[in-house]
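Q: Need coordinates for the following:
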Amino acid sequence: MMQEGLPSFYQIDYNGHWLVCCSRGHGQREPHGVVRPLGRAFLDVGLINALHITLSVKKCSLLCTCSTTLDSVIKLAMMYQQAAPDITQTSLRGRILSGFAMATMATLFTLETKAYVSKDIATTLSLANSNSEQRIRLNFNITMMDLPCDYATVDVYSTVGFQKNITKDVRKFNIDEDGVLQQYEARNWHQDDVELWDPAVIETVEDLHGDGEDAISLDGDTFPYAKEEYPFLFVKFYTSNCPNCDDFAPTWEALGEIVTDTSMHMVDDFMEEKGMDYYHYSDEEYEQAVNVMAPVLVTRLDCGAYPDVCKEEQIRAYPTTRLFVDGKAAGDYDGHRTVMELVHWLSHMEAAYREPGQFKMHNIFKHASERTIRSEEERIWNDALMRYRAPSPFFNTTRHPGCQLVGHVMVDTAPGKFLIQAQSFGKDFSSHLTNVSHIVHHFSFGDIEAQARVENGGWKGITSKFVQSLHPLDGNVYVTSGLHQAYHHHMRVVTTEIGDSHLIKWAGEKVRRVYRILSNTQLSTYRTSIVPEAKFEYDLSPIAMSYLEVSRNWYDYSTGLLAIIGGCFTVIGMLESSVALFSKRNRYYL
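A: Reported below is the predicted structural model:
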């Protein structure tokens, strides 16, 4: 039986002394060979019998063995052991290496954090998904430098279809011969807006020529003479192989006949007023008097027979009806090709160039109405129209007007071409005088807003060259210096997607899709029978590019920081050990 105050377990040596087995109660053993006597008083205790001593010794031996094993396992698992303060010391070398380690870790921490906050651009290539968009938007802002808005049309052709004379989402603005943009928007005339001939004239040209030609035919010699001699000269420029000219021919001859009849009545009234005898004048003198009294001389000139004259007058389309006042071009008429419309326009032109006391055109209205108006209702309407009609807008007074075309069209995602050409339902154009010189203010594909966000979004890796590739033709001027020439633009369109990968993944943000253009421009020469056109050919690339902003994950950042700490301690430790070893060897040799 153990007394109070004795250690928990004991063992007895052969000399009869008690030896402490586990005296501290923490699994620690006494140092090997250390015997701690406990005194004779304990040996004399009679209450301790041999059996109790034997059991105590066995129990002590078993527990000491378990304590030794547990102590070994704990020592093996102890990864962060600390040295006793009495066996550590500081040195100058240690302080220097510690400072170097701290500076290195601070620098690496800063660079790692900066890399974590910033984003990189990941570029990938893939096959373009043609099923995502069946049609894309084509944006344009182009000035035709020498093509009137009345003739400039926009057509789109592709391998799957075509669109002709597009007017939806297309705006036109007139530009005068000095290149000044007009303040009003030009009307985009449809093909059925203008009447191409007068339905009231039912006779053919042959029938009208039965009593002679009233629309006088001019040639290269008589044309300059007529401009000098007659203050008002109305000329129709045409060609023999022009269908529109053939349709307009009876109307023009009827106008000449009406003017001739009006002039004859004016000469007869003048002779009666003066008491002149008809028999004293020959037919030639009478005809000359009729031409002199005529309010306007109606003539025609075949450009196929006299191309030099038409080239000098810059006649580009047939038929072209031009009024000359005192030998100078006053304007071209492009309105309805009816007799009454022509007479109305001549009357307003006369008001602009003649004094009020010299007006003669009003005399034509009576004969024109008798010739073309078939009913009393139509006659009343025409009289009201004469009184309240505003000046006709169907003419221009410039020789080289231009047109600015602004808008967008939807095109198929297939190879195609965008055309701006001289075209009119009621005119045939002269190929050698059609000038399609142009200025490209803007030409691009895709959504304008997406382009603006990419250009102004400050995306890392999006360079100025990338932005310029979205519209490489912008600001370029293409002027043809010769006849039968036009610039053609060939473009390869590359679908490009830009976005933030994390926002796309977690916030559902859509990528911004823009289209880069690889362009090539060349000057093309046309055959003499073909009218030149400004052509923009495009083909979508089957390869799409993606520019995605990629940022590092938080666990990558944490791993990097731990790697910096461990790496710095390891490298500095190896450096310190190497320096210490080198120092010891030097001391040994010394």
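Q: what's the distance between the nearest residue to Phe270 once chain neighbours are set aside and Thr262?
A: Leaving aside its chain neighbours, Phe270 sits nearest to Met293 (7.0 Å; criterion: CB to CB, 6 or more residues apart in numbering). Placement of C-beta: from N, CA and C, glycine included. For Met293, the distance to Thr262 (CB to CB, to the nearest Å) stands at 9 Å.
Q: so who does Met491 touch?
A: Ile517, Leu518, Ser519, Asn520, Phe536, Glu537, Tyr538, Asp539 (CB atoms under 8 Å, 6 or more residues apart in numbering).
Q: picking that back up, please identify which of Met293 and Thr262 sits among more neighbours.
A: Taking other CB atoms under 10 Å, Met293 and Thr262 do not tie; Thr262 has more neighbours (25 against 18).
Q: Just the element for that one, please.
A: Here Thr262 sits within helix 243-274, counting by DSSP states H and E.
Q: Apply the buried test to the contacts of Met491 and list what passes.
A: Ile517, Ser519, Phe536, Glu537, Tyr538 (16 or more other CB atoms under 10 Å).
Q: and the two most separated of the residues you listed?
A: Ile517 and Glu537 (11.7 Å; CB to CB).
Q: separation between Leu108 and Thr570?
A: 14 Å.
Q: With neighbour numbers in mind, choose between these two.
A: Leu108 (17 against 10).
Q: With secondary structure and pLDDT added, can I get the buried ones among the contacts of Met491 in CSV?
A: Shown next, in CSV, are the buried ones among the contacts of Met491 (DSSP: H, G, I helix; E, B strand; the rest coil; pLDDT from 0 to 100):
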residue, secondary structure, pLDDT
Ile517, strand, 94
Ser519, strand, 93
Phe536, strand, 96
Glu537, strand, 95
Tyr538, strand, 94
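Q: Relative to His362, which of those is nearest.
A: Once CB to CB is applied, the member of the buried ones among the contacts of Met491 that ends up nearest His362 is Phe536, at 50.5 Å.
Q: where's that closest one relative to Glu284, distance?
A: Counting by CB to CB, the gap from Phe536 to Glu284 is 59 Å.
Q: The next helix or strand after the helix holding Thr262 - contacts with which helices or strands?
A: Where DSSP H and E defines the elements, the next helix or strand beyond helix 243-274 is helix 283-293. On a contact count with 3 or more CB pairs under 8 Å, 6 or more residues apart in numbering; DSSP states H and E, helix 283-293 meets helix 243-274.
Q: remind me which residues of the stretch 251-400 of the chain are low pLDDT?
A: 274-275, 277-281, 283, 357, 370-400 (pLDDT under 70).
Q: Please repeat the previous calculation with a cut-off of 90.
A: 256-296, 304, 311-318, 330-400 (pLDDT under 90).
Q: all helices for it, in order.
A: 283-293, 307-312, 339-353, 362-372, 376-388 (DSSP state H, counting those that start in this stretch).
Q: burial of the residue nearest to Lys236 when sequence neighbours are not counted, as a residue count?
A: In this structure, Lys236 finds its nearest non-sequential neighbour in Arg300, 4.4 Å apart by CB to CB, 6+ apart. Taking other CB under 10 Å as the neighbour definition, Arg300 ends up with a count of 21.
Q: so what's Arg300 up against?
A: Here Arg300 is in contact with Ala215, Ile216, Ser217, Leu218, Val235, Lys236, Phe237, Tyr238, Trp252 (criterion: CB under 8 Å, 6+ apart).
Q: Out of those, list just those in helices.
A: Those of the contacts of Arg300 mapping onto helices are Trp252, per DSSP state H.
Q: quick one: which of the contacts of Arg300 is nearest to Pro532?
A: Nearest member of those to Pro532, counting by CB to CB, is Phe237, at 19.7 Å.
Q: My read is that the closest one contacts Arg316, right?
A: No. Look at Phe237 against Arg316 with CB atoms under 8 Å: they stay out of range, at 9.7 Å.
Q: Comparing these two, which residue is more hemmed in?
A: In this view Phe237 and Arg316 are compared by other CB under 10 Å, and Phe237 has more residues nearby, 26 against 22.
Q: That one and Tyr306: what is the separation?
A: 10 Å.
Q: coming back round to it: quick check: bridge partners of the residue nearest to Lys236?
A: Assessed by DSSP bridges, Arg300 has beta-bridge partners Ser217, Lys236.
Q: Give the burial count for Gly407, as a bare number.
A: Around Gly407 there are 17 residues (other CB under 10 Å).
Q: Show the contacting residues for it.
A: Contacts of Gly407 by CB under 8 Å, 6+ apart are Phe140, Val154, Asp169, Val170, Arg171.
Q: Give me the buried subset of the residues you listed.
A: Of the contacts of Gly407, these count as buried by 16+ other CB under 10 Å: Phe140, Val154, Val170.
Q: now, which of those residues lie within strands?
A: If you go by DSSP state E, those have Phe140, Val154, Val170 in strands.
Q: Got the phi and psi for the closest residue to the last one other than its chain neighbours?
A: Leaving out its chain neighbours, the residue that sits closest to Val170 by CB to CB, 6+ apart is Gly407, at 3.9 Å. Phi and psi for Gly407, reported as degrees, to the nearest 10, are phi 160, psi -160.
Q: pLDDT below threshold where in the stretch 1-150 of the chain?
A: If you take pLDDT under 90 as the line, the stretch 1-150 of the chain has these spans: 1-135, 145-150.
Q: ok, 70 please
A: 1-89, 120, 129-132.
Q: CSV for the contacts of Arg300, including distance to Cys310?
A: As requested, the contacts of Arg300 are exported to CSV (distance: CB to CB, whole Å):
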residue, distance to Cys310
Ala215, 17
Ile216, 17
Ser217, 14
Leu218, 11
Val235, 10
Lys236, 12
Phe237, 6
Tyr238, 10
Trp252, 17
